[in-house]
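Asker: here is my input; please provide its structure:
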Amino acid sequence: MSKGFTLLELIIVIGILAILGAVSVLVLNPAQLFAQARDTSRISDLASLNSALGLYLSTATTPDLNGSYADSECASGVGGKYYAYATPTTNSFVGRTSATIVALRGVTGGAAGWLPVDFSSMTGGSPLSVLPVDPSNTGDYIYRYACDAASITYELDAKLESTKYSGNMSTDGGDNNNFYEVGNAPGLAL
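Answerer: Below is the predicted model of the structure:
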């Protein structure tokens, strides 16, 4: 009497494993799970930035939301609005460039970070060690910041990619259904 598996038994086991593998890929959809993980990170990052900006505004005697950049250097060029984008190689204050993404993560404002607010000037220091950047940080998947220095309002935006979270873009209270928007601007219409 031999001890071992027959060819038929091995084929049946391999077939069952193949079916289980195919079902798990279809049910779990790994690409969607990775997209959900990136969206969770985006929502968390914007919440952290929103909290840090709220703390900055509540403690600063003269808050400066657009750093040392004059209105003429703003993307819109009108109304004191200031736009910054956390892109991989540009600090898009109307195309200002920086060497690396590391250079864009500073919390001291100005050209040190993609967000021009000087968090290091706060009593007790900055609530953030570095500015977060989008997990993908390519194409439309970047963090955006806009402010109106005159009314001391700001908006933070990110594009969400998963089907689970993309519905948040139309229910966040903002004016653009293509981006997830947080901030202190009523209607987030910056």
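Asker: what's the end-to-end length of stretch 149-165?
Answerer: 31 Å (C-alpha to C-alpha, to the nearest Å).
Asker: could I get the buried residue list for that stretch?
Answerer: A149, T153, Y154, E155, L156, D157, A158, K159, L160, E161, S162, Y165 (16 or more other C-beta atoms under 10 Å). C-betas here are computed from N, CA, C, even on glycine.
Asker: that stretch - what's its average pLDDT?
Answerer: Averaging pLDDT along stretch 149-165 gives 85.
Asker: next one: stretch 129-142
Answerer: pLDDT averaged over stretch 129-142 gives 83.
Asker: can you give the distance from it to the centre of its chain?
Answerer: Chain-centre distance of stretch 129-142: 5 Å, with C-alpha atoms, centre = their mean, to the nearest Å.
Asker: as a check, name the ranges of all strands in the chain.
Answerer: Remark: strands assigned in the chain by DSSP state E are 81-85, 144-148, 153-158, 180-183.
Asker: what mean pLDDT does stretch 58-72 have?
Answerer: Stretch 58-72 comes out at a mean pLDDT of 71.
Asker: for the chain, which helix is longest?
Answerer: Across the chain, the longest stretch assigned as helix under DSSP state H is helix 30-59.
Asker: mind giving me the packing neighbours of it?
Answerer: strand 153-158, strand 180-183 (3 or more C-beta pairs under 8 Å, 6 or more residues apart in numbering; DSSP states H and E).
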